[in-house]
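# Sequence plus the predicted model coming up.
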Amino acid sequence: MTHIIHRPKHVAGIAITIAIIVGTIGAIVITRPPTYQFAKVGPGTIETAWDAATGTTAGNLTLSFQASGQITGVFVKVGDTVKTGEVLATLDPQNTAGSLTQAKAAYATAEANYEKLQNGATEADIAVTTATLAAAQTTLAHNEQTLLQTLDDSLTVATNAVRNETDAFFTNPESDTPTLTTTGINFSDQDLQYQVQHERSSINAMLLSWKQALAGIAAGSDLTAPENDAQNNLQSVAAYLKDLNTLFTSYASGNAAAVGAAQANILSAQGSVTGQISALNGAVQAVASAQAGVVQSQAALTLKTSGARPEDIAAAQAQVNSALGAMQIAQSAYNNRIITAPGDGTITAVYVSAGETAAPNAPAIDLSATTVSKNVALMVPTSAIIDREGTLYVVAKTKNGTEERQIAAGASDATNTEILSGLSAGDEVVIH
């Protein structure tokens, strides 16, 4: 006989309720967001025998300056043992140190403006920013006036270099057909002689046109065209002096004293023109820097007086990013004047010495190294990188959670990997 057990209805209801609760708890446990460990993106050093971005390998390395300039120091000799990061040679910093200082200050200002915008600007903040803008405008006006004077000086230097130092070599130097005739001196390269005479004739017209253009500059004019004209004209005079120097150095014979005197005059003219080109470049850079300062100060004032809207905060963040990029560029330019040991090793050759003028990427020092140490602007732990058939990703932290981002990577070692694009300083990525 089969016995059927009848259970009370309330007991069955309790059982169902318990099942639902257990299932809900299980669902909660199952759907609970995962816990991640994050690493912050930032600068650092990577020790590796291979730099995929630059093709640098450990072993016999040839080191070069990445910029041109006068070498101020060579601190090693063949046979010296060096350590990673040791300074081996340096160039005259020229304007790079000042540019880096300005870029760092601009970055600090942009960060401060961003923080103040988030916290809300006070009347005192607005007053300070207004004063900063006025100071930036004053600096710009001063630098523009200095540039105007430098443009006038450039014409004067070019004119004196040509007329005071080289006109004595010509018959009718101010005419359309100047003739190179120096008593007691013969030239064996007639083609170069004719070229020099043609250049001298062209310079007459150029100097006249240049003088007229400068006289027509009004206060507040855009100086871009006069800047370009001055640089081109100085380069034309420099080319003329170079050809003239070659003619007297390599193809002149006869009166040795007269040849020597001519060479001395030409070298003097070349030195003055080269110095003026440097002065003009410095004045142009100063104006560009001052213009950037005005734009930045005006933007900061606008942000503070218009209220902290979301788009304003985004604009301030963009200014921070822009200033960071400018600082990194300035830092790179400053670093380009220094050769440091990329790894431990021994100096096997030195091709340069203090006082010489270095050319970019020309061999300077050979180093036999076992590893390469590379300072990078951005890096992440190597374990944070996901490789999907050659395309690289990381999982980056966002306000609402995480997201995948595609990246480009450079040098790497067992611990860290250089980031070339896809991330910014301060981002956080998931470590796997």
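Sure thing, it's come through.
# what's the spacing between G390 and Q406?
For G390, the distance to Q406 equals 12 Å [CB to CB, to the nearest Å]. Every residue, glycine included, has its C-beta placed from N, CA and C.
# all helices in the stretch 151-300 of the chain, in order from the N-terminus.
Secondary structure of the stretch 151-300 of the chain (DSSP state H, counting those that start in this stretch): helices at 190-215, 224-250, 256-306.
# what about G390 and Q406, which has more around it?
Q406 (12 against 5; other CB atoms under 10 Å).
# what residues are up against that one?
Counting by CB atoms under 8 Å, 6 or more residues apart in numbering, Q406 touches 391-393, 422.
# ok so, going back, figure out which of the helices of the stretch 151-300 of the chain is closest to F75.
helix 256-306 (25.9 Å; CB to CB).
# Please state the offset of the following helix or strand past that closest one from the chain centre?
The helix or strand immediately downstream of helix 256-306 is helix 310-335, counting by DSSP states H and E. Distance, stretch centre to chain centre, for helix 310-335: 13 Å (CA atoms, centre = their mean, to the nearest Å).
# for helix 310-335, which positions count as buried?
Using 16 or more other CB atoms under 10 Å as the test for burial, helix 310-335 gives 312, 315-316, 319-320, 323-324, 326-328, 330-331, 333-334.
# could I get stretch 131-149 in CSV with only the CA atoms?
Provided in CSV are the C-alpha atoms of stretch 131-149 (Å, rounded to 0.1, in the frame of the first residue of the first chain):
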residue,chain,number,x,y,z
ALA,A,131,47.3,91.0,-12.9
THR,A,132,49.0,87.9,-14.4
LEU,A,133,47.3,88.6,-17.7
ALA,A,134,48.4,92.3,-17.6
ALA,A,135,52.0,91.3,-16.8
ALA,A,136,51.9,88.8,-19.7
GLN,A,137,50.6,91.5,-22.1
THR,A,138,53.4,93.8,-20.9
THR,A,139,56.0,91.2,-21.5
LEU,A,140,54.6,90.5,-25.0
ALA,A,141,54.7,94.2,-25.8
HIS,A,142,58.3,94.4,-24.6
ASN,A,143,59.4,91.3,-26.5
GLU,A,144,57.7,92.6,-29.7
GLN,A,145,59.6,95.9,-29.3
THR,A,146,62.8,94.0,-28.8
LEU,A,147,62.1,91.9,-32.0
LEU,A,148,61.5,95.1,-33.9
GLN,A,149,64.9,96.4,-32.8
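# what does that stretch rub up against?
With CB under 8 Å, 6+ apart, stretch 131-149 has contacts from 217, 223, 227, 283-284, 286-287, 289-291, 293-294, 296-298, 300-301.
# Return the members of these classed as buried.
If we count by 16+ other CB under 10 Å, those have these buried: 223, 227, 283-284, 286-287, 289-290, 293-294, 296-297, 300-301.
# Could you save those as CSV and add columns showing distance to T274 and pLDDT?
Formatted as CSV, the buried ones among the contacts of stretch 131-149 follow (distance: CB to CB, whole Å; pLDDT from 0 to 100):
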residue, distance to T274, pLDDT
L223, 22, 88
E227, 18, 92
A283, 15, 93
V284, 16, 93
A286, 19, 94
V287, 21, 92
S289, 23, 94
A290, 25, 93
G293, 29, 94
V294, 31, 94
Q296, 33, 94
S297, 35, 93
A300, 39, 86
L301, 41, 88
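# Could you tell me how many residues sit around the residue lying closest to Q195 once chain neighbours are set aside?
Nearest non-adjacent residue to Q195, counting by CB to CB, 6 or more residues apart in numbering: D243, 6.1 Å away. Residues contacting D243 under the criterion other CB under 10 Å number 17.
# need the next SSE after the helix or strand hosting Q406, C-terminal direction.
Under the criterion of DSSP H and E, Q406 resides in strand 401-412. Remark: after strand 401-412, the chain's next helix or strand is strand 416-421, criterion DSSP H and E.
# between the helix or strand that contains T101 and helix 310-335, how many degrees?
Using DSSP H and E, T101 sits within helix 96-119. Interaxial angle, helix 96-119 versus helix 310-335 (axes from the mean of the first three to the mean of the last three CA atoms, to 10 degrees): 160 degrees.
# any idea of the mean pLDDT for helix 96-119?
Mean pLDDT, computed over helix 96-119, is 83.
# center of this protein - which residue?
Note on the chain: the residue nearest the mean C-alpha position is I329, at 3.1 Å, using CA atoms, centre = their mean.
# Quick check: it vs A384, distance?
With CB to CB as the criterion, I329 and A384 are 27 Å apart.
# In CSV: the helices of the stretch 151-300 of the chain, plus distance to A414.
Below are the helices of the stretch 151-300 of the chain laid out as CSV (distance: least, CB to CB, whole Å):
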stretch, distance to A414
helix 190-215, 61
helix 224-250, 50
helix 256-306, 42
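# follow-up on the earlier one: report the angle between the helix holding T101 and helix 256-306.
0 degrees.
# What lies in contact with helix 96-119?
67, 125, 129, 285, 289, 292-293, 296, 300, 303-304, 308, 312-313, 316-317, 319-320, 322-324, 326-327, 329-331, 333-334, 336-337.
# Go again with 7 Å.
125, 289, 296, 300, 303-304, 308, 312-313, 316-317, 319-320, 323-324, 326-327, 330-331, 333-334, 337 (CB atoms under 7 Å, 6 or more residues apart in numbering).
# circling back: now the strand holding Q406: average pLDDT?
On average, strand 401-412 scores 89.
# Now do that strand: distance to the chain's middle.
24 Å.
# Identify each buried residue in that strand, please.
So for strand 401-412, counting by 16+ other CB under 10 Å, buried means 402, 405, 407, 409-412.
# Just the CA coordinates for that strand, please, in PDB.
Taking Å, rounded to 0.1, in the frame of the first residue of the first chain, the C-alpha atoms of strand 401-412 are listed here in PDB:
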ATOM      1  CA  GLY A 401      34.500  51.400 -13.800                       C
ATOM      2  CA  THR A 402      37.000  50.200 -16.400                       C
ATOM      3  CA  GLU A 403      37.400  50.200 -20.200                       C
ATOM      4  CA  GLU A 404      39.800  48.600 -22.700                       C
ATOM      5  CA  ARG A 405      42.200  51.000 -24.500                       C
ATOM      6  CA  GLN A 406      44.400  50.200 -27.400                       C
ATOM      7  CA  ILE A 407      48.000  51.300 -26.900                       C
ATOM      8  CA  ALA A 408      51.300  51.500 -28.700                       C
ATOM      9  CA  ALA A 409      54.300  50.200 -26.800                       C
ATOM     10  CA  GLY A 410      58.000  50.800 -27.000                       C
ATOM     11  CA  ALA A 411      60.900  49.300 -25.000                       C
ATOM     12  CA  SER A 412      60.100  46.700 -22.300                       C
END
